[in-house]
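A.B. asks: next one to model:
(2 chains)
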Amino acid sequence: MRYLPLTPDDRTQMLETIGVSSIDALFTDVPESARLDGPVDLPRKATELEVERAFAKMARKNLSAGEAPFFVGAGAYKHHVPATVDHLIQRSEFLTAYTPYQPEISQGTLQTLFEFQTQVARLTGMAVANASMYDGSTACAEAVLMASRVTKRKKAVLSGNLHPHYSAATATLAKYMDIEVETEGAAPGRADDLVKYIDDDTACIVVQNPDVFGHVRDLTALAEAAHAKGALLIAVVTEIVSLGLMTSPGEMGADIVVGEGQSLGVGLQFGGPYVGLFACRDDRNFIRNMPGRLAGETVDADGRRGFVLTLSTREQHIRRDKATSNICTNSGLMALAWTIHMSLLGEKGLTQLARLNHERAIELADRLAGIKGVELVTDAFFNEFTVKLTRPATEVVEALAQRGILAGVPASRLYPGQFETHLILAATETNTDGDLDALEAALKEVL
Amino acid sequence: MAMNTQGRPSRPVHAPDPGAYSETFSGSKGLDQAEPLIFERGDFDNCGVDLPEPKGLKTRLDGLERKSAIGLPGLSEPETMRHYVRLSRKNYAIDLGLYPLGSCTMKHNPRLNEKLARLPGLSDIHPMQPQSTVQGAFELIGELAHWLMTLTNTPCVSMSPKAGAHGELCGMMAIRAALDARGETGRRRVLVPESAHGTNPATAVQCGFVTDEIPADASGRVDMEVFKSKLGDDVAAIMLTNPNTCGLFERDIKEIADLIHEAGGYFYCDGANFNAIVGRVRPGDLGIDAMHINLHKTFSTPHGGGGPGSGPTVFSEALAPFVPVPYVIQDGETWAMVEHEQEARDLSGGEPFGRLVAFHGQMGMFTRALSYMMSHGSDGLRQVAEDAVLNANYILARLRGEMTAAFEGTCMHEALFDDTFLKDTGVSTLDFAKAMIDEGYHPMTMYFPLVVHGALLIEPTETESKAGLDRFCDTLLKLTEAARDGDTGRFLNAPVHAPAKRLDETRAARSPVLTWREDETAQAAE
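C.D. replies: Numbers count the residues shown, from 1 in each chain, chains lettered A, B, ... in the order given. Reported below is the predicted structural model:
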């Protein structure tokens, strides 16, 4: 087997050094009835070529985003990732390193995490950010737990326009921590009224912006209402590119901002690995209650600047059952991809990219709104919006897929039994005029 | 000939006292190049991506246009390349040498897996595309699930968990849901051996349980007398790592499984060390109810400097009804994904405990892991376990005369030592580890597991050659000798040949600097 360096001679010599007669002698602690005599019933070893062929066959059965006019969003967005990003994250020193437990030989990872944290904090308008979570949905769930610890309260209010997968992941994690979760019904195209739910037991309100239907809202009044009752505002951003053009949640009064970073550097990946962003305001109590890893600045024995993982007394490997979270391995390499893409863009590139996305969505929305049988539901949006059709959106999407167009996410796939005719569409800088033409023409045919 | 025809010296000249010039003007030292932060280097007007000019359409953001600058510097492409390549060179990596972190399983990461994970048909697909357009992706997930269930002899697997600790959460939530379904509200105590990973007690607490520690016996395994005495009708489960973090197989595991089941509890097995037994032992045959599998350990998806991981979790019949959504199902030639709890109830009468995460788990890691598994095949995977165990025992055999093995007998995939051999030398486990850095090695896991004083846990994995292990053992033996001979300077100052000297972790924690600010950089430079 090509990955195993030991030769039969090596094995014999090593067994001799160990002082046992056979490899079986090293497995004698295994109960006899559980010892397998030979390989399990699975295919035997395969060459590179054989494995490549098997995967190519599976890959061919999928319609990839690059092959189709593509308008699918709802929490994951197709953006162009510069070739530099993928090259750099495949550097052996980044790809095949462990969590930076030995800082003297991990300064590469640690410095990039410190840079990542600073970029995330600035973009979200917060003071600090951690070194990443698994993804946006788990970051959201962890933020609710953190808000409960900080406020010592046990109720969370979730906007009905929060991505239903995020709501579900949050409710699941909150359930056994005895945190009560209240949710407002979804309201495509408008901001739901959450103020009425806030009372003296409320730990936090969680609101996504732009929301799952693409609608954008001002969070300022909500933040004020939450703060008046001693509750926190958690803002969720699933399309991080939007912050290149929009007022940050921090500027609107959010206390914790979580996000999905997939749009930068990561790609679609059929849902993972992604990178969760987690930022909060500058408050000692907040920072001590944050989940996940934190890189911090310090000096080495010669007084030179260096970086370490810090405040680890929050974490499971030190605090065990008193830890702020059980998270260990997070999303380091995806955080690296994110920070490289962000460094390539810089402020100028991100702003421009955001504007291109917004303009493509405006153009698409105007074109679709001109089709008979399409009603634009979202009037204020970034790069994603919702339309109401005259037919069930699932049927329309399937019919368009048959024509080689990936047209968006039927709202009913996220809210089963509801919003049958609502379709959520995203447009990004990757959409060409030809893509828009194709969707417009096909939709006219199908409706 | 000391001079070539152009007068260029072609032989080294020996100047007096070369050590006096160890500091440089630039701060760089040859190939060890100083690299400032992106914020000190970049420019707000610089950009490494060419984008078309926007058309200048009127925005539709309801007045929410950003009004202030963000503060994100950019770099051109060549500057970006240099920034990150220079930083990368300050990292140790498995591709550079032995990375013997016990319990972390740092093995070779085949590049075939990277290549396949980047096939557009597998990477450039959206989790919410119509299911008819991602049949190959579902097939891949189904195929990986089949391998995992066959290797563990279990009837069910959840592919959602994003890492090992997330898999623990998946398993323990299923246990909690099963107990709730039985109306057993009084079972809230989870037994966790002292030697467990910190994630185990942290996970149990996140599922609303309290933990109760079981000490290790003199052989490094669960103390069966204490275990038995702790069983009762308030016990929800045991969380047991097997092989355990001392690198030992829990001999009494079947009895443990029987006893916990008799007592009405469930058996959660932490599968972090599955690498040691894959293809030789199926955990389902040992009586487990749930076990996560770290694809980034046993099945070699790269660790990436701290993730991404992936932690599919297998389940027994008893817990199968409670697995979270989503999951794939197969109907003839067609695959489908069950995405909602109601759908799961209607289809199979299941009672999912909920949803752990948006979308369908770590597809990119599934691709890599399946590629790794298919490359090895069932015969190769069995060889993986055998070579991993052989390599660890070889290290144990070569070092145990000089360093002190924590327990008697052979080990599984990792060799555990305590710090007795450093007694009265003035050298601690930490110092010893830092001296290994100077020798070109990543240190082993230190001070874990907690059951052993000053623990040094060495896991070589199966992808090391005998010659490589011999060099490693020779070096450790020399270091041991040096410590005994009173050569403490070699240890206390270490590392001296690394990109950074020892870092002040206390200072970092006392006054945390977690983001870059201009004033703080100025201070640090003083």
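A.B. asks: scan chain A for its longest helix.
C.D. replies: helix A:332-369 (DSSP state H).
A.B. asks: spatially nearest residue to residue B:349, not counting backbone neighbours?
C.D. replies: Spatial nearest neighbour of residue B:349, chain neighbours left out: residue B:321 (7.1 Å); criterion: CB to CB, 6 or more residues apart in numbering or on different chains. Placement of C-beta: from N, CA and C, glycine included.
A.B. asks: so which residues of chain A form strands?
C.D. replies: When secondary structure is read from DSSP state E, chain A shows strands at A:128-129, A:155-158, A:180-183, A:202-208, A:232-237, A:256-260, A:276-280, A:295-299, A:305-309, A:374-376, A:384-389, A:409-410, A:422-426.
A.B. asks: can you redo these as JSON lines with mean neighbour count, mean pLDDT and distance to residue B:364?
C.D. replies: Listed next are the strands of chain A as JSON lines, based on neighbours: other CB atoms under 10 Å in any protein chain shown; pLDDT from 0 to 100; distance: least, CB to CB, whole Å:
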{"stretch": "strand A:128-129", "mean neighbour count": "26", "mean pLDDT": "98", "distance to residue B:364": "23"}
{"stretch": "strand A:155-158", "mean neighbour count": "26", "mean pLDDT": "98", "distance to residue B:364": "29"}
{"stretch": "strand A:180-183", "mean neighbour count": "16", "mean pLDDT": "96", "distance to residue B:364": "30"}
{"stretch": "strand A:202-208", "mean neighbour count": "26", "mean pLDDT": "98", "distance to residue B:364": "25"}
{"stretch": "strand A:232-237", "mean neighbour count": "28", "mean pLDDT": "98", "distance to residue B:364": "22"}
{"stretch": "strand A:256-260", "mean neighbour count": "30", "mean pLDDT": "98", "distance to residue B:364": "15"}
{"stretch": "strand A:276-280", "mean neighbour count": "30", "mean pLDDT": "98", "distance to residue B:364": "15"}
{"stretch": "strand A:295-299", "mean neighbour count": "23", "mean pLDDT": "97", "distance to residue B:364": "24"}
{"stretch": "strand A:305-309", "mean neighbour count": "25", "mean pLDDT": "97", "distance to residue B:364": "25"}
{"stretch": "strand A:374-376", "mean neighbour count": "17", "mean pLDDT": "98", "distance to residue B:364": "35"}
{"stretch": "strand A:384-389", "mean neighbour count": "26", "mean pLDDT": "98", "distance to residue B:364": "24"}
{"stretch": "strand A:409-410", "mean neighbour count": "28", "mean pLDDT": "98", "distance to residue B:364": "21"}
{"stretch": "strand A:422-426", "mean neighbour count": "27", "mean pLDDT": "98", "distance to residue B:364": "21"}
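A.B. asks: Throw those into a markdown table and include distance to residue B:331, thanks.
C.D. replies: What follows is these, written out as a markdown table (distance: least, CB to CB, whole Å):
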| stretch | distance to residue B:331 |
| --- | --- |
| strand A:128-129 | 44 |
| strand A:155-158 | 34 |
| strand A:180-183 | 33 |
| strand A:202-208 | 34 |
| strand A:232-237 | 35 |
| strand A:256-260 | 32 |
| strand A:276-280 | 34 |
| strand A:295-299 | 47 |
| strand A:305-309 | 47 |
| strand A:374-376 | 34 |
| strand A:384-389 | 28 |
| strand A:409-410 | 21 |
| strand A:422-426 | 27 |
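A.B. asks: same list (those) but as a markdown table, adding distance to chain B.
C.D. replies: Compiled in a markdown table, the strands of chain A are given as follows (distance: least, CB to the nearest CB, whole Å):
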| stretch | distance to chain B |
| --- | --- |
| strand A:128-129 | 5 |
| strand A:155-158 | 14 |
| strand A:180-183 | 11 |
| strand A:202-208 | 12 |
| strand A:232-237 | 11 |
| strand A:256-260 | 8 |
| strand A:276-280 | 9 |
| strand A:295-299 | 4 |
| strand A:305-309 | 5 |
| strand A:374-376 | 10 |
| strand A:384-389 | 9 |
| strand A:409-410 | 5 |
| strand A:422-426 | 9 |
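A.B. asks: between the ones you listed, which gets nearest to residue B:471?
C.D. replies: strand A:305-309 (29.0 Å; CB to CB).
A.B. asks: residue 110 - how many residues pack around it?
C.D. replies: Let's take chain A. 27 (other CB atoms under 10 Å in any protein chain shown).
A.B. asks: wait, I meant chain B there
C.D. replies: 21.
A.B. asks: before we move on, what about residue A:301?
C.D. replies: 15.
A.B. asks: which residue is the nearest non-sequential neighbour of it?
C.D. replies: residue B:501 (3.8 Å).
A.B. asks: the one you found - how many residues pack around it?
C.D. replies: 19.
A.B. asks: can you tell me how far it sits from residue A:298?
C.D. replies: Taking CB to CB, to the nearest Å as the measure, residue B:501 falls 11 Å from residue A:298.
A.B. asks: on that earlier part again, so the longest helix of chain A versus strand A:422-426, what angle?
C.D. replies: 120 degrees (axes from the mean of the first three to the mean of the last three CA atoms, to 10 degrees).
A.B. asks: I'd like to know which elements helix A:332-369 is packed against.
C.D. replies: Where contact means 3 or more CB pairs under 8 Å, 6 or more residues apart in numbering or on different chains; DSSP states H and E, helix A:332-369 is packed against helix A:83-89, helix A:92-95, helix A:107-124, strand A:374-376, strand A:384-389, strand A:422-426, helix A:433-446, helix B:77-88.
A.B. asks: residue B:501 is in contact with residue A:302, correct?
C.D. replies: Yes: Residue A:302 lies in contact with residue B:501 (CB atoms under 8 Å); the separation is 5.1 Å.
A.B. asks: rewinding a little: chain center to the longest helix of chain A: distance?
C.D. replies: Centre-to-centre, helix A:332-369 and its host chain are 16 Å apart (CA atoms, centre = their mean, to the nearest Å).
A.B. asks: any idea of the mean pLDDT for it?
C.D. replies: Over the span of helix A:332-369, the pLDDT mean works out to 98.
A.B. asks: any buried residues in that helix, and which?
C.D. replies: Buried residues in helix A:332-369, counted by 16 or more other CB atoms under 10 Å in any protein chain shown: A:332-365, A:368.
A.B. asks: got the domain ranges for chain A?
C.D. replies: A:66-81+A:347-446, A:83-341 (automatic domain parsing).
A.B. asks: ends of the shortest one, what's the gap?
C.D. replies: Domain A:66-81+A:347-446 stretches 23 Å from its first residue to its last (CA to CA, to the nearest Å).
A.B. asks: sorry, back to before: most tightly packed of the domains of chain A?
C.D. replies: Mean neighbour count, computed with mean count of other CB atoms under 10 Å in any protein chain shown, is highest for domain A:83-341 among the domains of chain A, reaching a mean of 24.
A.B. asks: who in the stretch 151-300 of chain A is up against chain B?
C.D. replies: A:163, A:165-166, A:168-169, A:171-173, A:175-178, A:216-218, A:243-248, A:251, A:260, A:267-273, A:287, A:293-300 (CB under 8 Å from any CB of the partner chain).
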